[in-house]
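>>> sharing a sequence plus its predicted fold:
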Amino acid sequence: MGAWGEGRDMMLVLKKDTLTLLDPLDHTPLHCQPIINIRVWGVGCNNGRDFAFVAGDKDSCVLKCHVFRCDAPAKAIATALHEMCSKMMSEKASVRPSHSLTMESISPEDLPRQGNFLLCSFRVSVEFLEAVRQQVQKFEVQYIGNLPVSRAMGRTHTSYT
């Protein structure tokens, strides 16, 4: 992951269950990150244009926080990730139709985290999920860099909607 190049322009693409970083000129894949392996993400400084996520480096197994400066508001990326995680949670629940989906039936490790919020959205319509599944969302970003972190941290908020 370190070879991405600090200050490098890229295209961040969200499709199905993967966050992919592409070279903006020739669309060469620079990195593919399964969304399920993203531990936490959030929007930061610079008028809401900074986006970061924490994930384990597949080579070193060290958690790293990757920071990007976005052309569009970074909240759009965070919202798209939230929607994708909601879809994955709903699909996971539909695989176990004989069990009632409760907070007790899902371990905290199963739930992706968004900034200070634990994602627990269970009331999502099938039509909405199908629309999200078909979408490919692209964002122009600049890779600022990464820092190793000891753990993915943040306060959590559980929603029982």
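Received the coordinates, thanks.
>>> least trustworthy helix or strand in this protein by mean pLDDT?
None of the helices or strands of the chain scores lower by mean pLDDT, DSSP states H and E than strand 117-118, at a mean of 36.
>>> tell me which residues touch Ala52, please.
Counting by CB atoms under 8 Å, 6 or more residues apart in numbering, Ala52 touches 41-42, 44, 65-68. In this view, the C-beta of every residue, glycine as well, is placed from N, C-alpha and C.
>>> do Val67 as well
With the criterion set at CB under 8 Å, 6+ apart, Val67 makes contact with 44, 50-52, 143-146.
>>> who wins on neighbours among those?
Among the contacts of Val67, Phe51 has the most neighbours (other CB atoms under 10 Å), with 27 neighbours.
>>> what is the lowest-pLDDT residue among the contacts of Ala52?
Note: of these, the lowest pLDDT belongs to Gly44, at 86.
>>> and it, what does it touch?
Gly44 sits next to 50-52, 67, 74 when contact means CB under 8 Å, 6+ apart.
>>> nearest to Ile35, of those residues?
Ile35 lies nearest to Phe51 out of those, by CB to CB, at 14.0 Å.
>>> gap between that closest one and Asp26?
23 Å (CB to CB, to the nearest Å).
>>> helices of the protein, residue ranges please.
For the chain, the helices defined by DSSP state H occupy 45-48, 75-95, 126-134.
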